[in-house]
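K.L.:
Dropping the sequence and predicted coords here.
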There are 2 protein chains.
Amino acid sequence: MPRVTQEHVDARRAQILAGARRAFARYGYEGATVVRLEEEIGLSRGAIFNYFPDKLAIFVALAAETNRVYVHLILERGLATAIREMANESPEWLASLIEIESRMRHDPDFVERFRRAHEPEADAIAHWFADQQAGGVFRADVDFRDLGRFATMVINGLALRIAGEEPYDVESVLRLLTDARAPRT
Amino acid sequence: MPRVTQEHVDARRAQILAGARRAFARYGYEGATVVRLEEEIGLSRGAIFNYFPDKLAIFVALAAETNRVYVHLILERGLATAIREMANESPEWLASLIEIESRMRHDPDFVERFRRAHEPEADAIAHWFADQQAGGVFRADVDFRDLGRFATMVINGLALRIAGEEPYDVESVLRLLTDARAPRT
């Protein structure tokens, strides 16, 4: 058996995730059959399921990766950068994410795998909101958890609009969100 | 052929919509088979499809009815009342609405039927935001359409949280939304 390098494993996983993302965006979760996954990824089912146990695992990895990218943007470059970045996201991929997460929320296996994949980012983002509040950047008269939840609602509401290809002005969203969370004078 | 009164027609339509709402909430759109629709509604498929041409027409009617209820709450009793009311909505039904609308956004027939069903409310709500701004209740330095879109994002983001059974504090949401759109001093 040939030795497989970590670089090779990482490259294959990245290839599988990129192709699967295209397949989910194009066909939805149910519609992304194994044949279509093979086509978009450019690998056989044997190779694909050598790296991921099943289709759900590929989806969970993709959703966690998307979440991680946005959390790191917020932590390193602030909410405004993350929200402006989301305005460039593929409407099809956002629609797939929303549709699949809504549909699978009663599958305990999915919920548990998803929770575990998101846990480190959930903690990091809660700390970030607490720090911003402690530093006087965010208002102090609303619990920092509720500030974080409100920002999440705006981000998810924006994702729904982008997915539905409905109009919005990202700078107005940022201005309103900034004023909502600003310290009260 | 017996004469059918308008009351009878209205009562049957209401019965069909209530049962179909339960079926969609419980099984999702695909899972709400004709057999399950018959069970939840308590009528035969012949009777059901005498009032609606197909399953999609039932879903569009339900989504339009939900939208109409919230728009009228906003127009008559304000945004806060509408948002507090949504906190009592069935998570299952909200999840179905979000999932189905996301999934069907590429079906031109659905998009067109949905648009037509929502048109009167879309106009009414745009006028309401323009009036609130003209009356000095909402800030004047952001386009009233963007104020309406921001409120919609918050409402939809809250609907996603309720659907996902995630924690939120409705009074914090209202306070942040109110401060976001308040006139700048």
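P.N.:
Yes, it's here.

K.L.:
So which bits of stretch A:96-106 are buried?
P.N.:
For stretch A:96-106, burial by neighbour count (16 or more other Cβ atoms under 10 Å in any protein chain shown) applies to A:96-105. For every residue, glycine as well, the C-beta is placed using N, CA and C.

K.L.:
Give me the contacts around that stretch.
P.N.:
For stretch A:96-106, the surrounding residues in contact (Cβ atoms under 8 Å, 6 or more residues apart in numbering or on different chains) are A:24-25, A:28-29, A:59, A:63, A:66, A:110-111, A:114, A:156, A:159-160, A:163, B:28, B:95-96, B:98-99, B:102-103, B:160, B:163-165.

K.L.:
That stretch - what's its average pLDDT?
P.N.:
Averaged across stretch A:96-106, the pLDDT comes to 79.

K.L.:
Show me the shaky parts of chain A.
P.N.:
Within chain A, the segments meeting pLDDT under 70 span A:1-2.

K.L.:
if you set the cut-off to 50 instead, what comes out?
P.N.:
Scanning chain A for pLDDT under 50 picks out no residues.

K.L.:
and the closest residue to A:G157 other than its chain neighbours, what is it in contact with?
P.N.:
Closest residue in space to A:G157, ignoring its immediate chain neighbours: B:M153 at 2.8 Å, by Cβ to Cβ, 6 or more residues apart in numbering or on different chains. Neighbouring residues of B:M153 by Cβ under 8 Å, 6+ apart: A:153-154, A:157-158, A:160-161, A:168, A:173.

K.L.:
Next, see if stretch A:167-181 gets close to chain B.
P.N.:
Yes. Residues of stretch A:167-181 contacting chain B under Cβ under 8 Å from any Cβ of the partner chain: A:167-169, A:172-173, A:175-177, A:179-181.

K.L.:
With stretch A:12-26 instead?
P.N.:
No. Residues of stretch A:12-26 are not located near chain B by Cβ under 8 Å from any Cβ, the shortest gap being 9.9 Å.

K.L.:
buried sites along that stretch?
P.N.:
A:12, A:15-17, A:19-25.

K.L.:
In helices only, show me those.
P.N.:
If you go by DSSP state H, those have A:12, A:15-17, A:19-25 in helices.

K.L.:
before we move on, the earlier item: measure the residue nearest to A:G157 to A:A126 for me?
P.N.:
22 Å (Cβ to Cβ, to the nearest Å).

K.L.:
A:L37 too?
P.N.:
Counting by Cβ to Cβ, the gap from A:L37 to A:A126 is 35 Å.
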